[in-house]
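**Q** Output the structure for:
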Amino acid sequence: MKISLYLNGRTTERSIAAAIDEYSARIGKYNPFEVVVLPDLKNTRNMPAEEQKAREGIKIIQSLRNDDFVVLLDEKGKEFTTLEFAGWLEKLLMSSHRRIVFITGGPWGFSSEVYDRAHMKLSLSKMTFTHQMVRLLFLEQLYRIFTVIKGDPYHHQ
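**A** The predicted model follows:
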């Protein structure tokens, strides 16, 4: 089953972008994986937050397939330990879905339509991180999860 990570806008910090590329390549050795960058909205300086969320939501919904299992990276989502996340993902990989799509939101979060489309919300932490950093933190955890599933020594328990 393919795993996709949807990002709202490109990663602008070069060091983070390089690390994202590195972890994406590592994950790809374990499982089909892609990072999908949804284009940034233009002229958002004076755009109300709700309008930004709605416009981003339209882009997200249009890019999803009917049989996708959608997981939003959301501060109010379920928290897992690394081993719990590995167990959850391993079970999901055996399901009938063709693709698992993890999605990072824009600066104001997700529209109600995107929340309605999602199967799950996942929180990486109760702490607040930049959108740029969340991308890297998630990919590191996803890579770690695959090393746990495959029994590789990256994760020490």
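
**Q** Show me what the longest strand seen in the chain pairs with in its sheet, parallel or antiparallel.
**A** Of all the elements of type strand in the chain, the one with the most residues (DSSP state E) is strand 68-78. In the sheet, strand 68-78 lines up against strand 99-104 (parallel), strand 120-122 (parallel) (DSSP bridges).

**Q** which other residues reach the longest one?
**A** With contacts defined as CB atoms under 8 Å, 6 or more residues apart in numbering, strand 99-104 is touched by 1-8, 60, 64-65, 67-73, 89, 92-93, 110, 114, 118, 122, 131, 134-135, 138, 142. For the C-beta atoms, the positions are set from N, CA and C on the backbone; glycine is no exception.

**Q** and these, which of them are in helices?
**A** Using DSSP state H, the members of the contacts of strand 99-104 that fall in helices are I60, L89, L92, L93, V114, H131, V134, R135, F138, L142.

**Q** Verify the stated contact: the second one with I145.
**A** By that I understand L89. Yes: taking CB atoms under 8 Å as the contact criterion, L89 and I145 are neighbours in contact, 5.5 Å apart.

**Q** More neighbours: which of these two?
**A** Shown here are L89 and I145; by other CB atoms under 10 Å, I145 has more neighbours (24 against 19).

**Q** who touches the more buried one in this structure?
**A** For I145, the residues meeting the contact criterion (CB under 8 Å, 6+ apart) are T82, F85, A86, L89.

**Q** Kindly report the same for G105.
**A** With contacts taken as CB under 8 Å, 6+ apart, G105 has the following neighbours: N8, K53, E56, L72, L73, D74, V114, H131.
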